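Asks: Kindly generate the corresponding structure for this input.
(2 chains)
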Protein chains: 2
Amino acid sequence: MQKFFDQELNSLKTQILEMGSAVERAVEFAIRGLIERKGECFNQVHALEEKINKFHCAVDEACLRILARQAPMASDLRVVLAIIKINTDLERMGDQAVNIAHSGKHYISEAPLKPLDDIPKMATEVRTMIRQALDACFPADPVAAKEVVLRDDVVDQFKNKVFHDLVAIIKKNPEVVERALDLILIARNLERLADHATNIAEDAIFIASGEDIRHGGANRSVS
Amino acid sequence: MQKFFDQELNSLKTQILEMGSAVERAVEFAIRGLIERKGECFNQVHALEEKINKFHCAVDEACLRILARQAPMASDLRVVLAIIKINTDLERMGDQAVNIAHSGKHYISEAPLKPLDDIPKMATEVRTMIRQALDACFPADPVAAKEVVLRDDVVDQFKNKVFHDLVAIIKKNPEVVERALDLILIARNLERLADHATNIAEDAIFIASGEDIRHGGANRSVS
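Replies: Reported below is the predicted structural model:
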């Protein structure tokens, strides 16, 4: 019974990590489409989102099956609950990648505004956070996960700078407001992606210790 | 044992509905602060968000305890899993209310742009969705829940109209770009709130039937 359970749980972890890789690639293609002005990259984002959505349903289904048939305890139960949450975050990260592709498609249909230095830098930071958050999950590495949580501030600073610069551009030349708004919304999507990566890192900490560090609190769960 | 479980589950449902009420009030205060230009309303939003965050941790803790100690089956297990997800959505809805308060505080610090007809209308629509989604949960009412899912399109149309109108305002008078951006972001926050309400409605459908209607699919779970 335990062996069968371990197999099911391992298969679940593999699925969530594959889903995570699909999210990483979706974000990568969305940003590449924007920076390299390649519309075909955005099609890849949509294809990956479909894949992510299939994972979303399959992972939830598998978690429900494990809980119903195996009634896992203690640390195994924490892993399953964390996977339910990570699954939700990854699905919404897929949506954010699609939002970037949507704004990006509009943005590249007209002349670029200026060299987009901060957006690719911000995207690199966000992609690192996503990778590190997923790497911190199985086996759970709370030290690495806490680093991800701290990185979130850097992304927020980038977003504020992008907002500030684009507002100045709009004031100087209001005709470009639609394109500037595309970039403002993309910066916002990247910020949301970083928030989701932070959520995943918090789940990794919960897997490791049962410690709930959200909202600055340290609520201990059953162990 | 079953009686004790029923008590725990009922207490969990009560908690999630109280949390939902706190979210509704947070959204109401955020919008009232914006429309009536009353800064003290935004303080209420922050106080409610703290309350929502405490519920967030407490509900997760209670769900974990129920799963660990009672190993619920079939429809009871579906309710617990749905509550885990609704809890996540409600917490993020609290964040969205805070985002509205943040932009609202900035917006009312300067002269208003124009009568904000569409934002309050959009907010009313969103608040109705939140109320109906929560009402559809316990006992689960899939017919009412499906109505919430359909309403999401109305909110998206409002958001597009607000975006379009504000872009025109910026083009005419670029000096107001910051204030216009506040309203654009608030419309975006309202759209996100509607998405979360839709997620809750989908969870209600899942509670009722085990049917997973997300991503247009009809995946059946174990029952």
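Asks: From here on, just use CA atoms for contacts and neighbour counts.
Replies: Noted.
Asks: I'd assumed A:Arg37 was in a strand, is it?
Replies: No - the assignment for A:Arg37, made by DSSP: H, G, I helix; E, B strand; the rest coil, is coil rather than a strand.
Asks: I'd assumed A:His106 was in contact with it.
Replies: No - A:Arg37 lies out of contact with A:His106 (CA atoms under 8 Å); the separation is 10.6 Å.
Asks: A:Ala26: how many residues sit nearby?
Replies: Neighbourhood size, A:Ala26 [other CA atoms under 10 Å in any protein chain shown]: 30.
Asks: what residues does chain A put near chain B?
Replies: Selection of chain A residues close to chain B by CA under 8 Å from any CA of the partner chain yields A:53, A:57, A:61, A:64-65, A:67-68, A:71-74, A:77-78, A:81, A:85, A:167, A:170-175, A:177-178, A:212, A:214-215, A:219, A:221-222.
Asks: can you rerun that using 6 Å?
Replies: For chain A, the residues in contact with chain B (CA under 6 Å from any CA of the partner chain) are A:61, A:68, A:71, A:73, A:171, A:174, A:221.
Asks: Neighbours of the fourth one, how many?
Replies: Counted with other CA under 10 Å, the neighbours of A:Met73 add up to 18.
Asks: so who does it touch?
Replies: B:Ala68 (CA atoms under 6 Å, 6 or more residues apart in numbering or on different chains).
Asks: switch the cut-off to 10 Å
Replies: Contacts for A:Met73 (CA atoms under 10 Å, 6 or more residues apart in numbering or on different chains) come out as A:67, A:79-80, A:222-223, B:64, B:67-69, B:71.
Asks: Strands along chain A, start to end?
Replies: A:211-212, A:219-220 (DSSP state E).
Asks: Out of these, name the one with the poorest average pLDDT.
Replies: Sorting those by mean pLDDT places strand A:219-220 lowest, at a mean of 48.
Asks: Residue ranges in chain A under the pLDDT threshold?
Replies: Across chain A, the ranges flagged by pLDDT under 70 are A:1, A:115, A:217-223.
Asks: For A:Arg32, which non-adjacent residue is closest in space?
Replies: For A:Arg32, ignoring the flanking residues on the chain, the nearest one in space by CA to CA, 6 or more residues apart in numbering or on different chains is A:Cys41 at 6.8 Å.
Asks: In this structure the one you found contacts A:Val98, no?
Replies: No - using CA atoms under 10 Å, A:Cys41 makes no contact with A:Val98, being 11.2 Å away.
Asks: Quick check on those two: which one has the bigger neighbour count.
Replies: A:Val98 (24 against 20).
Asks: so what's the more buried one up against?
Replies: By CA under 10 Å, 6+ apart, the neighbours of A:Val98 are A:26-27, A:30, A:42-49, A:92, A:104, A:189.
Asks: which among those gets closest to B:Ile200?
Replies: Checking the contacts of A:Val98 against B:Ile200 by CA to CA gives A:Arg92 as the nearest, at 14.4 Å.
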